[in-house]
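>>> okay, predicted coordinates and the sequence, questions at the end:
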Amino acid sequence: MKNIRHTFNVILTLAKMQVSKSMIYRYSFWGAFLCDTSMFLIQLLIFKVIAQDGHIGSWNVYHLTVFIGTYMALDGLYMATYFFGLIELPWKIRSGNLDLIIIKPVSTLFYAAFSSLNLGSILQFITGLIVVFYGAVKLHVFYVPHIIQFIIIFTLMYVLMFLLMLCIRCLSFWMTKINSFAMLEDTLIDFSFKLPSPAIRGGWRIVLFAVLPYGLMANMPSEAIFGEFSIRKWCLCIGVVAFFSLLAFVLWKFGRCHYDSASS
Amino acid sequence: MKKYVQIMSLEWKNAIIYRTDTALSALFSVFTVVLAYLLWSAVFGSREIVDGFTLPQMVTYYLLSKIVSPFSQGGGIQNEFSDEIKSGAYSKYIVKPISPLGYFVFASFARMILPVLLNTIVMAIAMISFPQYFLALHPAIIITAIPVLLLSGILSMLIDYLIAMSTFKLTDISFIYILKNIFTMLLSGGLIPLNMLLGDKIAMWSPFSYIIYYPVMLCMGKTNISIFTAIGVISVWIAILILVARFVQHLAPKAFEGVGI
Amino acid sequence: MIIETNNLTKEFKYFEKPEGLKGSVQSLFKRETKIKTALSDFTFSAHEGEFIGLMGANGAGKTTLFKMLTGIIHPTSGDVSVSGYIPAKGEVAFKKSFAVVMGQKSQLWWDLPASDSLLLNKAIYEIPDKQYRDNVKYFVKLFDAQKYLSVPVRKLSLGERMKFELINSLLHAPKILFLDEPTIGLDAVAQRQIREMLKTAGRERGITMLLTSHYTEDLLELTKRCIVLRSGQKIYDGDMNHLLSQYTTDSTIHIEFSTQKTLPTIPHINIEQQNGYVFSIRTPQDKISIVLQELLSLGDVNDLTVSDDDVTLLVERVFKDEVLCQ
């Protein structure tokens, strides 16, 4: 408990410093906001084009609204918190800058992951939630049990994203360059958040919901708020998160033992 | 010229050192095509044609886009260049007999070629192995697209170079790159075919239309614009950008603060 | 003992790549794995409050040793104990017992004032408010850095930045301070200031310090005990001055005559430079008096100086493959 409080205090201090730092470069501060907004608008545009006759499979325009809103919210939250820290992790491992975190009496993993907060993306997170709730209202599914379900599953998927990103970045302990995996991840995220559940069929459902669970991440929060959430889906979500938690833990532990630290 | 060829050789060697990563990048590029197939088969549903594309044509569009996309992505050199300006290492271009523009273009070109070659091999294998999912392509037409691709690659490099040089004024330009990449992917047809986005209002005077959309449509035999028109338009844009780049390059030493040396 | 190691060894794997583009393509399919032993069977111990210098050429294993003592990397074999902890376990209490300052890697936030980085350290090391305020006041005064507290780090000179790196590292009252080339790149004045401050801080706070530096002045002024590493092996552990005195074999006599002279044959000398008026002569230290008598007997002496070998030259001899006296 004490460790958790300590880690939280450190992350809070990092957040304050990050906010101070981001305001020094004014163009970057507003530029980041512009990037987030542009990406959201482009995502909307793409969906308008691909949702021919206003639906994809059995999902109509409001299902797709919730789907897009979920993407926005998840994207905003992880970009605000651990995204940039994890993106920099391979560089820190390669350059030996991870040394400076290892020597500190704080969790190396959480410090590295949360050292580059981008709090401007919180706005995108909030906007995403508003879009989700708008779609839910239009679908007449905006009930408390559905919202609670959504929050739990959304949180699980936020954690899952962290674990997936970490698993890939841990490969840097063994491989000098992991651009290929980062590119694969980009592709999977990019397409998964355009692939609503009705589009994923057959064997690909197993691939994208269990093996490379980006499809799971993109769709489960939406399905939670639609109310169509069976015990099977709960088990799937919890099981996948548990599996990747174990995998990430093992990769991180073994990676740390294998860490050679670059020569200075 | 010899020094620039040497630069290209070094960039090539650098890319080959990380052999596992290089090979996996090519292999994973197949995923783009697979996911595109999943998405578009849902979009198509029971329809044969959507906005002038059949499903095999749509999948082929994404396959070809994936092959040519390294031409528009710069290979990371724009970030390195920007860092050199911030750190003071840009001084090497001032004191040595080497043009920063020349270095940038040749190094970017070298970084692009390997992924393009590997992607081509992997995608060709995919097309041969699963011909039912793709449109049959004519090699002769593909060869005619090569000059357009090379010129559009140079065009993209020049845009990246100018953004990198803006570091002299703006210091932190990471958001400009992100914005540039977002809009380039959209306006070049990398996210979705331009005709689906813009209908018949595609601006064929725009340089972005020639980075992905035009070369891919040319390979698929789905464009009315002649290759000479395309080469002409791209060449005019390249000439304009080179003039701007040389002007910026001339001003650069005056704006250079040389911090951190 | 605050630090103890026993047969500590670290090996690294690396790949050799043949030259040229052909070699690069060949290495795509096959490449040779080699092993480099960065540190081999290293055994030593340190008492509390000691100030120990680590000497060695580049690649001797100094930084590798530091990294194993601080838990950054894990040993291939052997035992290590620092403040009673096993570094590789990375326990929080262990990390609070030491600090590291690396001359080539900054721990300060580049765009923000140094005071913000100090606050971050306060949160990381859970330094109580009063201790934090007292330590900031003490060390900022000691390092004469008051006026730079609110200046963004990127605007500070290298010397000023290094002062804040040291202040940052000492705030949580570590028992051990690892200094990895702290004066690298600093001018002579800044180096001297840092050395004085470290001596004072070490003495007043009883901190055990381990220092690596390529500047022999750092090692001579700050440390009494010196460990010499060569190719990953410890070849000397003892008094620094004693070590250097073993390598001081000759002295150099500079003599200037007012009239042109031809030197007679004098045994045990080596004439390094001569132009008939000015002579630079090397002679073993135990033969100086005989040689001086011979030179002075020539008369017409305008100027005469006798100097020992430059410390850097002595260190070079230590690093090379010459007999090391214990």
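Looks like it arrived, so ask away.

>>> contacting residues around the residue in the stretch 51-200 of chain A positioned nearest to chain C?
Going by C-beta to the nearest C-beta, chain C is nearest to residue A:105 of the stretch 51-200 of chain A, at 3.7 Å. For the C-beta atoms, the positions are set from N, CA and C on the backbone; glycine is no exception. Residues in contact with residue A:105 (C-beta atoms under 8 Å, 6 or more residues apart in numbering or on different chains) are C:92-96, C:124-126.

>>> of the residues you listed, closest to chain B?
Of those, the one sitting nearest to chain B (C-beta to the nearest C-beta) turns out to be residue C:124, at 26.1 Å.

>>> count of residues packed around the closest one?
By other C-beta atoms under 10 Å in any protein chain shown, the residues close to residue C:124 number 23.

>>> now swap in residue C:4 and tell me
Quick note: residue C:4 (other C-beta under 10 Å) scores 15 neighbours.

>>> what does residue A:214 give?
Number of residues near residue A:214 (other C-beta under 10 Å) recorded here: 25.

>>> isn't it up against residue A:207?
No. Using C-beta atoms under 8 Å, residue A:214 makes no contact with residue A:207, being 9.7 Å away.

>>> returning to what we had before: can I get the contacts of residue A:105 in a markdown table with distance to residue A:235?
Converted to a markdown table, the contacts of residue A:105 look like this (distance: C-beta to C-beta, whole Å):
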| residue | distance to residue A:235 |
| --- | --- |
| C:92 | 36 |
| C:93 | 40 |
| C:94 | 41 |
| C:95 | 40 |
| C:96 | 42 |
| C:124 | 39 |
| C:125 | 43 |
| C:126 | 40 |
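
>>> can you give me the helices for the stretch 151-300 of chain C?
C:158-170, C:188-205, C:216-222, C:240-247, C:288-296 (DSSP state H, counting those that start in this stretch).

>>> actually, chain B.
With helices called from DSSP state H, chain B shows them at B:2-17, B:19-44, B:55-68, B:77-87, B:91-95, B:100-129, B:139-165, B:167-170, B:174-187, B:194-198, B:213-219, B:227-255.

>>> list of residues touching the third one?
With C-beta under 8 Å, 6+ apart as the contact definition, helix B:55-68 has outside contacts at B:29, B:32-33, B:36-37, B:40-41, B:44, B:50, B:53, B:116, B:119-120, B:123, B:126-127, B:132-135, B:137, B:149, B:189-190, B:193, B:211-212, B:215-216, B:219-220, B:222.

>>> list the buried residues of it.
By neighbour count on 16 or more other C-beta atoms under 10 Å in any protein chain shown, the buried set for helix B:55-68 is B:55, B:57-68.

>>> between these, which is closest to chain A?
Proximity of the buried residues of helix B:55-68 to chain A (C-beta to the nearest C-beta) peaks at residue B:66, which lies at 8.9 Å.

>>> for chain C, see how far away the closest one is.
Residue B:66 is 22 Å from chain C, where distance means C-beta to the nearest C-beta, to the nearest Å.

>>> residue A:159 against residue A:240, yeah?
No. Contact criterion C-beta under 8 Å: residue A:159 and residue A:240 do not qualify, at 10.6 Å.

>>> in the chain, which residue is closest to the centre?
In the absence of a named chain, this looks at chain A. Closest to where the C-alpha atoms of chain A average out (C-alpha atoms, centre = their mean) is residue A:161, at 4.0 Å.

>>> ah, I was thinking of chain C
In chain C, the residue lying closest to the centroid (C-alpha atoms, centre = their mean) is residue C:213, at 1.9 Å.

>>> hang on, the earlier thing: residue A:159 and residue A:240: who's more crowded?
Under the criterion of other C-beta under 10 Å, the comparison of residue A:159 against residue A:240 puts residue A:240 first, with 22 against 14.

>>> elements contacting the strand or helix carrying that one?
For residue A:240, the enclosing helix or strand under DSSP states H and E is helix A:231-258. If contacts are counted by 3 or more C-beta pairs under 8 Å, 6 or more residues apart in numbering or on different chains; DSSP states H and E, helix A:231-258 sits against helix A:144-170, helix A:214-226.

>>> what's the closest of those helices to residue B:203?
Residue B:203 sits nearest to helix A:214-226 of all the helices and strands packed on helix A:231-258, at 32.7 Å, using C-beta to C-beta.

>>> out of the helices of chain B, which one sits most buried?
Of all the helices of chain B, helix B:213-219 has the most neighbours on average by mean count of other C-beta atoms under 10 Å in any protein chain shown, namely a mean of 26.

>>> so what pairs up with residue C:178 in the strands?
residue C:100, residue C:210 (DSSP bridges).

>>> quick check: it vs residue C:207, distance?
Relative to residue C:207, residue C:178 is positioned 11 Å away (C-beta to C-beta, to the nearest Å).

>>> do residue C:71 as well
Taking C-beta to C-beta as the measure, residue C:71 falls 19 Å from residue C:207.

>>> what's the burial count for residue C:274?
The local packing of residue C:274 (other C-beta under 10 Å) involves 14 other residues.

>>> ok, residue B:212 next?
Going by other C-beta under 10 Å, the residues that sit close to residue B:212 add up to 30.

>>> and it, what does it touch?
Contact analysis of residue B:212 by C-beta under 8 Å, 6+ apart lists B:65, B:68-69, B:72, B:188-190.
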